[in-house]
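Visitor: Take a look and give me a structure for this.
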Amino acid sequence: MPARRPEYFSGLNFEMVTFAIICLANEDDTILQAFLAHYLGMGATEIALFVDRAEDGMPVSLEHFSAQQRDRILLTYCDDGYWGAMGTPRPAMLEDRQRAVFNAYFRQCKQDWLLVCDADEFLVSPEPLAEVLEHVPEEVSSVTFPPVEAVWGPGDDIDTAYGNSWFRAPFSDAAAWRRESPGIYGCERFLMSGRGAVGHDDGKSMTRTNGDASRLNLHWATVGKKIVSVPSRQVGAPLTSVCLVHFDAINFSRWRRKFRRRGGWRGINGGRGSKRRVRQRRVVNFANLLGPNAGRIVFRRFYCLTARQLALLQKQDLVQQLQLFDPPRSRQD
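Guide: Predicted structure coming up:
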């Protein structure tokens, strides 16, 4: 089921600011279609979707998009031929492949702005994003939008893709997290980030293609070693109303496959990645040895909120309801 088409979108106005989306993904076709539909609906002038599969045998379906929409989709399969044309072997680590792909496209992107994101991340703006970007001061070359993480509340079905109804925001700072987390999450807090997310709490950045930034990383842009991405809250309204919806888990079955793909007890290539992800992998792998019921318990501890937790987070304005898909997806992997 495609993402909801925002009501404000009535066609592209090329006199306004233009923006592109870039993503390197290894996802099912249905997930990629939802991703494409969402950003087409937001008015992206170009969506550069790079399919991260070593073999070229799992095509992305585009036939249900209009001809005009297909013209805005740049679809590239990152097979051996692609990496050969890049003049480098295929990097072993996903993060290294992402940096290579992002920066190669960044250097030739003709749109005004470029958003780096994953296929499970959806930028949400109550106003047309092109109009919002008009308010960014010229001296700001890159803006980071904060994440909100998909979570399941009481009554939500963890077997339905995108079947959650709640999204939690990270705490404002690490000190607030340390002070409040014991009473909300108990021992689970040791498996979460330093501000209260199972996934990342850094957000993702949108960067001017003609600005000062010389390199894109996964969450921000840099000049040399200096981060130039400015948090949207520092830029001010209307950018403060924009957030990045992150589905660290889309549903239970896909989540299990996602952690299997991340590797064994130490993870891929000797356990590279954050200490938090290593701890999570160990818990998930142990649960998988005990069977699917144990896995469901871990999933619920990670991503499901009890009525009590929901009330505590609501008091601190750290949880909200959003509807990206209409209606929610059926029970599919």
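Visitor: quick one, what contacts the residue nearest the centre of the chain?
Guide: In the chain, the residue lying closest to the centroid (C-alpha atoms, centre = their mean) is Glu121, at 2.7 Å. Contacts for Glu121 (C-beta atoms under 8 Å, 6 or more residues apart in numbering) come out as 147, 204, 244-247. For glycine as for every other residue, the C-beta is placed from the backbone atoms N, C-alpha and C.
Visitor: Phi, psi for it please.
Guide: When read as degrees, to the nearest 10, the backbone of Glu121 gives phi -130, psi 130.
Visitor: is it fair to say Arg70 lies in a helix?
Guide: Yes - per DSSP: H, G, I helix; E, B strand; the rest coil, Arg70 lies within a helix segment.
Visitor: so who does it touch?
Guide: Counting by C-beta under 8 Å, 6+ apart, Arg70 makes contact with Leu62.
Visitor: With the one 3 residues further on instead?
Guide: Residues counted as contacts of Ile73 (C-beta under 8 Å, 6+ apart) are 36, 40, 46-47, 49, 62, 65.
Visitor: Ramachandran angles for it?
Guide: According to degrees, to the nearest 10, Ile73 has phi -110, psi 120.
Visitor: Now do the strands in the stretch 1-150 of the chain.
Guide: For the stretch 1-150 of the chain, the strands defined by DSSP state E, counting those that start in this stretch occupy 19-25, 46-51, 73-77, 113-116, 121-124, 142-145, 147-151.
Visitor: Quick check: pLDDT value at the residue nearest to the centre of the chain.
Guide: With respect to pLDDT, Glu121 scores 97.
Visitor: Make a PyMOL selection of the buried ones in the contacts of Ile73.
Guide: Buried subset of the contacts of Ile73, written as a PyMOL selection, criterion 16 or more other C-beta atoms under 10 Å:
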select buried, resi 36+40+46+47+49+62+65
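Visitor: want to throw the contacts of Ile73 into TSV with pLDDT?
Guide: Converted to TSV, these look like this (pLDDT from 0 to 100):
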residue	pLDDT
Leu36	96
Leu40	97
Glu46	98
Ile47	98
Leu49	97
Leu62	92
Phe65	95
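Visitor: Report the residue spans of this structure with pLDDT below the cut-off.
Guide: Residues of the chain that meet the criterion pLDDT under 70 lie in 1-15, 54-58, 262-273, 326-333.
Visitor: And the helices in it?
Guide: 29-41, 67-71, 80-86, 94-106, 129-133, 174-185, 232-235, 252-261, 275-290, 292-303, 307-315 (DSSP state H).
Visitor: In CSV, list the C-alpha atoms belonging to the fourth one.
Guide: The C-alpha atoms that make up helix 94-106 are tabulated as CSV, following Å, rounded to 0.1, in the frame of the first residue of the first chain:
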residue,chain,number,x,y,z
LEU,A,94,27.4,-1.2,4.4
GLU,A,95,28.4,2.2,5.8
ASP,A,96,31.4,2.4,3.4
ARG,A,97,29.2,1.6,0.4
GLN,A,98,26.7,4.3,1.5
ARG,A,99,29.4,6.9,1.8
ALA,A,100,30.8,6.0,-1.6
VAL,A,101,27.4,6.1,-3.3
PHE,A,102,26.2,9.3,-1.5
ASN,A,103,29.2,11.4,-2.3
ALA,A,104,29.4,10.2,-6.0
TYR,A,105,25.8,11.4,-6.5
PHE,A,106,26.3,14.5,-4.4
